[in-house]
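Participant: Okay, predicted coordinates and the sequence, questions at the end:
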Amino acid sequence: MREFTDTVRRELGGTVLASPEPGDAARMARRVLGTRARRRQGRLAGAVAVAVVLVLGVASVVTTATPGAPEAVAVTRWPARGALADNLGLVERARQAWGTRAAQVVYAGTSGEVGTVVVLSDPQPDGGVRLAFLTGTPELRVRARLAIPADQVLLPAFGFVAAEPGRALGVVVTAPDVTTAAFSGVTRPVTVHPADGLAAAVLAPAAAAWNTSIGTGDPQHPAFGVLTGSADDPTVSSGTVVRAAAAAQFVVSGVPGVSAGAVKSGDVVVTRAGFVAVVTRTAGDLVVVNSTPVGLRATTAAGVPVTLGGSSGRVDDPITVTAAGAEVRDGDRIVLSGFGRSAGVVELGTVHAGRLQRAVAVPADGAEVLLIHR
């Protein structure tokens, strides 16, 4: 171990070995080994070279700062911004709507896409923070909530993606030094330039928090923030594939609340690569999934109901697309809807020669999938 430490110090000449603080080992383990590192990448990435040195079980960070790179600031230390940040009446109404009287103002102002927006923060004893996004005129309502753990408070952006009729809306609050950000995922990146720390953008109808990311700074080496869904959109949970096969069914384990009824027949299973399947039943703590959309109620993106037909024996069997009394054209997008009050849709694929073209690669054993609850 000493030889390894000496090598790191020699290679990073001129660096400073920071004194470890209590809890650093656990925090660094979560950062290094976390399966969702993309969402936990801080703005220090690209600005600081980091090496983790484990000495007697304690994690320390060796850093070499890039000249001129801004220091990351925790969201709990961001200044109150926005043209309405000093409007005490508005801020107090936002606190009452959220039910948190001691909440701090992160942003209060207006956006052309959203109207009045108030973002509040509530620091937690464990070093994390809760955020609330409230919108509406004259009545404010909580549009989205985020619970940020202590190891993510230095990230450069926090926001939500909300489904609306015919579109999705992305809203994000950013660190004071951020001048450029981009929503990316199911469509080409949508670049925004925060004004007083807030930015909003109209996104593709199929955009959602689970398939969209927010990056800041250099597009080639972005520092990622965190997005959540809106309060009106369906709940999303995750699980792990087991017993995957080319046949039409596979099984998902590790989904929270299965035995308590949190998962129902008809819930949609997706991957970030575009694969879509549907829950047929539960068996104990396991979720049984049909990997073909045959028989599902679907529509074109324009809202025309379609019927999906064909064999359901194998995942790659052809699926036909027909519409009663209407023509289905090549290139038409086919989507699933019906997620409660949400206007959100899940894209199945596109039509070509009367058949559905879609992602057919069944996720492998051990892969993470997401469940969108109807």
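Facilitator: Yes, it's here.
Participant: going forward, measure contacts between C-alpha atoms and count neighbours the same way
Facilitator: Will do.
Participant: per-domain residue ranges of the chain.
Facilitator: 2-65, 75-229, 234-374 (automatic domain parsing).
Participant: what's the distance between the longest one and the middle of its chain?
Facilitator: Think domain 75-229. Taking C-alpha atoms, centre = their mean, to the nearest Å, one finds the center of domain 75-229 at 13 Å from the center of the full chain.
Participant: Span of it from start to end?
Facilitator: End-to-end distance of domain 75-229: 19 Å, with C-alpha to C-alpha, to the nearest Å as the criterion.
Participant: about what we covered before: which of the domains of the chain has the lowest mean pLDDT?
Facilitator: Lowest mean pLDDT of the domains of the chain: domain 2-65, a mean of 40.
Participant: Kindly tell me how buried residue 193 is, as a neighbour count.
Facilitator: Neighbour count of residue 193, defined by other C-alpha atoms under 10 Å: 17.
Participant: which residue sits closest to it, ignoring its sequence neighbours?
Facilitator: Leaving aside its chain neighbours, residue 193 sits nearest to residue 180 (4.8 Å; criterion: C-alpha to C-alpha, 6 or more residues apart in numbering).
Participant: what's the distance between that neighbour and residue 192?
Facilitator: Applying C-alpha to C-alpha, the value for residue 180 to residue 192 is 6 Å.
Participant: ok, back up a step: of the domains of the chain, which stretch is the most buried?
Facilitator: domain 75-229 (a mean of 20; mean count of other C-alpha atoms under 10 Å).
Participant: mind listing what residue 339 touches?
Facilitator: 233-234, 345, 373-374 (C-alpha atoms under 8 Å, 6 or more residues apart in numbering).
Participant: quick one, phi/psi of the residue nearest to residue 193?
Facilitator: Backbone torsions of residue 180, given as degrees, to the nearest 10, read phi -140, psi 140.
Participant: So it is in contact with residue 197, correct?
Facilitator: No. Using C-alpha atoms under 8 Å, residue 180 is not in contact with residue 197, being 10.2 Å away.
Participant: Next, the contact list for residue 345, please.
Facilitator: Shown in contact with residue 345 (C-alpha under 8 Å, 6+ apart): 163, 205-206, 335-339.
Participant: Over to residue 279?
Facilitator: With C-alpha under 8 Å, 6+ apart, residue 279 has these contacts: 264-269, 287-290.
Participant: What segments of the stretch 1-150 of the chain are helices?
Facilitator: Taking DSSP state H, counting those that start in this stretch, the helices of the stretch 1-150 of the chain run over residues 2-11, 24-33, 37-40, 88-98.
Participant: And residue 295, which helix or strand is it part of?
Facilitator: Using DSSP states H and E, residue 295 maps to neither a helix nor a strand.
Participant: Residue 366 versus that one, what's the distance?
Facilitator: 28 Å.
Participant: which one of the contacts of residue 279 is nearest residue 301?
Facilitator: Taking C-alpha to C-alpha as the measure, residue 301 sits nearest to residue 268 out of those, at 17.6 Å.
Participant: Let's verify the closest residue to the closest one other than its chain neighbours: helix, strand, or coil?
Facilitator: Closest residue to residue 268 apart from its sequence neighbours, by C-alpha to C-alpha, 6+ apart: residue 278 at 4.6 Å. With DSSP: H, G, I helix; E, B strand; the rest coil as the basis, residue 278 sits in strand.
Participant: which residues does the nearest residue to residue 83 once chain neighbours are set aside contact?
Facilitator: Among residues not flanking residue 83 along the chain, residue 109 sits closest, at 5.0 Å (C-alpha to C-alpha, 6+ apart). Residues in contact with residue 109 (C-alpha under 8 Å, 6+ apart) are 81-85, 116-118.
Participant: Mind listing the residues bridging to residue 109?
Facilitator: Taking DSSP bridges as the rule, residue 109 bridges to residue 117.
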